[in-house]
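Novice: Got a predicted structure plus its sequence, pasted below:
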Amino acid sequence: MSLEAIAAIIAGGLVSGSLYALMASGLSLVWGTVRMLNLAHGALVMVGAYSAWYFSNRGGLAKALQPIGKSIVENAEGSGALGGLLLPLGEWILSIRGGFGLVIGVPFAVLCCGLVGYIMYVLLVKPFVGKPGADLVVIITTLAGASFMQNGVQVIFGPRYKQLDRILKGPPLQVLETAIGLQEVLIIIMTPVALLLLHFFLKYSKHGLAIRAVAQNDDFAHLVGINVSQIYPLTFVVSSILAGLCGVMLGGLFFILPTMGAQELLFAFVVVVFGGLGSLPGTIIGAYVIGFIRETSAYVFSLYWAPVVLFATLILVLIFRPRGLMGGEES
Amino acid sequence: MRLLKKLHEHRIALAIIGIVVFLAIPFVVTNKLLIHLGILGMLYAIVASNWDLTLGYAGVFNFAHLAFFGIGAYTSGILAVKLGVSPWLGIPCGGLSAALASIIVSIPAIRLRGIYVALLTFACSQLVLLLLLSQPLITGGQQGLTGVPQLQIGDFRFRESSYAHFYLVGFLLLCSTIFLRRLVTSDFGLSLIALRDFEEYAVARGIPLARQRLLAFLLSSIFPGLAGAVYAHFLIVASPDIFGFSLVTLLLSMLLVGGVATIYGPVIVGVLMTYVSELMASSAWMSDVFGISRGPVRFMFVAVLIVLTMRFFPQGVWGLIKQFSARLRASRGAATDQPQIS
């Protein structure tokens, strides 16, 4: 293997590892705390990408607002004091014809994902919490939720591909004889930052501590006065925000389409099983390991065979270490 | 009660009437689309009811059943297209390869429990899909395997008649349903239910857990494999769409809405649901109302139906029918009893 190939594998492994880490940590958080497997997590990634596109791109919200702006400007002239007040608003709306940009788009996408995550919890998970066999029922309901969101997005936005603007524009960086796009560099840097923020949230904030307490022992968390029924939706919201961030990053790399989260969800499954369901450090290490395995097998065999190698790995891990490499024994 | 007893007494006559009515359908219903959907619905009903054996009776959360269906379709398709094997030999081969695949899947699956089984079977079915996509020269890749020959006996081509496929698939569904019903009421079926409801006790009473679950996988994979093979020859294509999220969700809804652990429920709802979802996709008013392509809307409808079923009547349609008839019986019994008491 040449130096160039090794550098390319490392760069590719870091990028896919980062994306898997963002996605799988949300999956693992929900599994560890609520003890449910959220099959709609991939659809949340897709929702994140679409909402970022809608709020930032010129073809999204900005385009939808244009007729309103136009009618305000037309009606404002000659309608007195109120018109004078509304006129600047109308002119402002007309001035954003080019879209709001990612500065607005990304925070709104994150908000949107959090909201969708909360709604999903209320409709698909909450009615079944505490009932026998709930974990399996929730797999079914979230699968239905994923199908609903995928097809709903197709109804709203149509089947045509969309693409997010790139956050950084410019020529790719040359590192060790391989070229890395700026978007990729951004993903490699931003993911550890986001995961560190998650770490601080879980370690030092009141709500984060409550999430970890519920994950460790929900009965005792109840006894010390933590409102477990509030922690569950909070966990879903945090996990959805992570999925949304992943979607924003994916949307900058590839085309956005309604089925985009499905493949990533499968890789995230491989990661969480590999690292141990419910163990965050295991999940993050697992994500990067799986990222490197994927890139290496794509180089050694072919792009087609890389997922085959990954799923074979998953099945082997499930046979020999079903709790994952860093997962504890089931209590 | 008396009505049921009477029905039971005349069950052979009823079965004959049922078969005659079924045989008459293609001659009474002249709409080609309705017959086509009936065939499709019966094929899906076979998969859903067999899925019920592992998911409903054995309580194993298995996601690989559509993979067995797909393996059956691709086996028979590849044999016919690439090797020129007769479809009549290819269809049993489809069942056989599905059975083989079920053994491979169940060996790791019986060691795991709960959510891990779901993950593993899900991964297995995706693995099959990826393997199929990675060999485009043999399987046709993303476009699917085209040019699968249609079924024919001598010069009689099945696709040219309106009834041949209908009868064949109906016969397959009948065999599958009788097979499954006999299975779940046998000692084997009871042992599966015992393992599902109280695993420790059942194992302590000497039921071999691993063997029964492996058998459940194996026995429930044969008919989906056969159905898959017929499906490929019926549509003259084997497509990777079989493994997609949408079809899994649709079949899951047949099983859940029909009623888990009933066999009859998924069979009936499987056929009905195919009509509902396909007619939704092709009816004109849907596009007039929503002004959009209709394909996605029906899957949204199916998704909502699944969640509502799980939430409000987890026992499914068949469970509701049973409950209703039990209540009816109780109230009628009370009504006839009353004069005697007074």
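Specialist: Cool, got the structure.

Novice: from here on, contacts and neighbour counts on C-alpha atoms
Specialist: Fine.

Novice: Make sure B:Val271 is actually in contact with B:Gly41.
Specialist: Yes - between B:Val271 and B:Gly41 there is a contact at 4.2 Å, judged by Cα atoms under 8 Å.

Novice: all strands of the stretch 51-200 of chain A, in order?
Specialist: All strands of the stretch 51-200 of chain A, identified by DSSP state E, counting those that start in this stretch, fall at A:173-175, A:178-180.

Novice: Highest mean neighbour count out of the ones you listed?
Specialist: Of all the strands of the stretch 51-200 of chain A, strand A:178-180 carries the top mean neighbour count, a mean of 17, counting by mean count of other Cα atoms under 10 Å in any protein chain shown.

Novice: and it, what's its mean pLDDT?
Specialist: For strand A:178-180, mean pLDDT is 73.

Novice: try stretch A:312-325
Specialist: 76.

Novice: Give me the contacts around it.
Specialist: For stretch A:312-325, the external contacting residues (Cα atoms under 8 Å, 6 or more residues apart in numbering or on different chains) are A:270, A:272-277, A:282, A:329-330, B:108, B:111-112, B:116, B:120, B:123-124, B:127.

Novice: Give me the PyMOL select line for those residues, limited to the buried ones.
Specialist: Buried members of these can be picked out in PyMOL with the line below, counting by 16 or more other Cα atoms under 10 Å in any protein chain shown:
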select buried, (chain A and resi 270+272+273+274+275+276+277+282) or (chain B and resi 108+112+116+120+123+124+127)
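
Novice: Is B:Val260 in contact with B:Asp52, as I believe?
Specialist: Yes - using Cα under 8 Å, B:Val260 is in contact with B:Asp52, at 6.3 Å.

Novice: which neighbours do these two share?
Specialist: Common neighbours of B:Val260 and B:Asp52 (Cα under 8 Å, 6+ apart) are B:Pro266.

Novice: Mind checking which of the two has more residues around it?
Specialist: Shown here are B:Val260 and B:Asp52; by other Cα atoms under 10 Å in any protein chain shown, B:Asp52 has more neighbours (30 against 27).

Novice: Can you give me every residue that contacts that one?
Specialist: Residues counted as contacts of B:Asp52 (Cα under 8 Å, 6+ apart) are B:255, B:260-263, B:266.

Novice: Just give the closest residue to the closest residue to chain B within the stretch 151-300 of chain A, not the sequence neighbours.
Specialist: With Cα to the nearest Cα as the measure, A:Asn151 is the residue of the stretch 151-300 of chain A nearest to chain B, at 4.8 Å. Closest residue in space to A:Asn151, ignoring its immediate chain neighbours: B:Pro296 at 4.8 Å, by Cα to Cα, 6 or more residues apart in numbering or on different chains.

Novice: Over to the one you found. Which of the three states is it?
Specialist: Secondary structure assignment for B:Pro296 (DSSP: H, G, I helix; E, B strand; the rest coil): helix.

Novice: check contacts around A:Leu115.
Specialist: If a contact means Cα under 8 Å, 6+ apart, then A:Leu115 has A:Val237 as its contacts.

Novice: pLDDT at it, what is it?
Specialist: Listed pLDDT for A:Leu115 reads 94.

Novice: How about A:Ser79?
Specialist: 66.

Novice: From the contact counts, what lies against the helix or strand A:Ala215 falls within?
Specialist: Under the criterion of DSSP states H and E, A:Ala215 resides in helix A:206-216. Here helix A:206-216 touches helix A:3-34, helix A:182-204, helix A:218-223, helix A:228-253, going by 3 or more Cα pairs under 8 Å, 6 or more residues apart in numbering or on different chains; DSSP states H and E.

Novice: Please spell out which residues along the last one are buried.
Specialist: Right, helix A:228-253. Buried residues in helix A:228-253, defined by neighbour count with 16+ other Cα under 10 Å: A:228, A:231-253.

Novice: got the angle for that helix vs helix A:206-216?
Specialist: Angle between the axes of helix A:228-253 and helix A:206-216 is 100 degrees (criterion: axes from the mean of the first three to the mean of the last three Cα atoms, to 10 degrees).

Novice: following helix A:228-253, which helix or strand comes up?
Specialist: Using DSSP H and E, the helix or strand that follows helix A:228-253 towards the C-terminus is helix A:260-275.

Novice: what's in contact with the helix or strand that that following helix is followed by?
Specialist: As assigned by DSSP H and E, the chain's next helix or strand after helix A:260-275 is helix A:280-300. The contact list for helix A:280-300 (Cα under 8 Å, 6+ apart) reads A:9-10, A:12-18, A:20-21, A:24-25, A:28-29, A:268, A:270-272, A:274-277, A:303-307, A:309-310, A:325-327.

Novice: which among those end up buried?
Specialist: Buried by 16+ other Cα under 10 Å: A:9-10, A:12-18, A:20-21, A:24-25, A:28-29, A:268, A:270-272, A:274-277, A:305-307, A:309-310, A:325-327, out of the contacts of helix A:280-300.
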